[in-house]
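Undergrad: Any chance you could fold what I've pasted below:
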Amino acid sequence: MQKISIEALARQQLEAAGRAPSGRAADTVYGGHEKVLRQTVIGMVAGTSLAEHANPGDATVYVVQGRVRMRAGEHFWQARTGDLLIVPPARHSLEAEEDSVVLLTVAKHGARLPAEVRPD
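TA: Predicted structure coming up:
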């Protein structure tokens with residue numbers, strides 16, 4: 001078992017975002033390309049964004065701190081500290097309205113479960 005402080009990681013990623021030319025910094029805390037589930041802490045300086053992109057699977061964005069806006073086509077949703085956004089199954093973008101940190105959770109579509117947890 002491993003324990004990770006999301007709050008401590010959030011502070012680190014926001015500090016790193018402040019130093020980065022892009023105004024963003026991220027660290028995958030669980031999973032990766034070889035796993036079905038992936039969780040990533042993303043720090044974003046106010047005014048920066050994650051450009052429009054496709055959704056690779058079921059996904060949520062939990063706002064650890066700050067305020068963000070998610071946009072999908074003509075629709076948008078605002079969220080602040082403690083809010084959970086369900087990412088729509090469409091191209092979308094995310095903008096930091098103030099210095100923010102989010103926990104992105106993605107369960108990729110089409111990924112194969114390991115044999116020991118696969119239903120028969």
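
Undergrad: use CA for all of it now, contacts and neighbours both
TA: OK.

Undergrad: Name the SS class of the closest residue to Ala46 other than its chain neighbours, please.
TA: Beyond its immediate neighbours in the sequence, the residue positioned closest to Ala46 (Cα to Cα, 6 or more residues apart in numbering) is Glu98, lying 4.0 Å away. When the structure is split into helix, strand and coil by DSSP: H, G, I helix; E, B strand; the rest coil, Glu98 lands in coil.

Undergrad: What values do phi and psi take at Glu98?
TA: For Glu98, the backbone dihedrals are phi -150, psi 170 (criterion: degrees, to the nearest 10).

Undergrad: so what pLDDT did it get?
TA: At Glu98, the pLDDT value in this model is 98.

Undergrad: Just confirm it contacts Val45, I think it does.
TA: Yes: counting by Cα atoms under 8 Å, Glu98 does reach Val45; the two are 6.7 Å apart.

Undergrad: Which of those two has more residues huddled nearby?
TA: Val45 (25 against 17; other Cα atoms under 10 Å).

Undergrad: Which parts of this structure are strands?
TA: Along the chain, the stretches classed as strands by DSSP state E are 24-31, 37-44, 49-53, 57-65, 67-72, 75-80, 84-86, 92-96, 100-108.

Undergrad: could you dump these to a markdown table with distance to Gln12?
TA: Conversion of the strands of the chain to a markdown table gives the following (distance: least, Cα to Cα, whole Å):
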| stretch | distance to Gln12 |
| --- | --- |
| strand 24-31 | 9 |
| strand 37-44 | 8 |
| strand 49-53 | 18 |
| strand 57-65 | 13 |
| strand 67-72 | 18 |
| strand 75-80 | 19 |
| strand 84-86 | 21 |
| strand 92-96 | 17 |
| strand 100-108 | 10 |
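
Undergrad: now the ones you listed as JSON lines including mean neighbour count and distance to Ala8?
TA: Converted to JSON lines, those look like this (neighbours: other Cα atoms under 10 Å; distance: least, Cα to Cα, whole Å):
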{"stretch": "strand 24-31", "mean neighbour count": "18", "distance to Ala8": "12"}
{"stretch": "strand 37-44", "mean neighbour count": "23", "distance to Ala8": "11"}
{"stretch": "strand 49-53", "mean neighbour count": "14", "distance to Ala8": "22"}
{"stretch": "strand 57-65", "mean neighbour count": "20", "distance to Ala8": "11"}
{"stretch": "strand 67-72", "mean neighbour count": "21", "distance to Ala8": "18"}
{"stretch": "strand 75-80", "mean neighbour count": "14", "distance to Ala8": "18"}
{"stretch": "strand 84-86", "mean neighbour count": "16", "distance to Ala8": "19"}
{"stretch": "strand 92-96", "mean neighbour count": "20", "distance to Ala8": "19"}
{"stretch": "strand 100-108", "mean neighbour count": "24", "distance to Ala8": "11"}
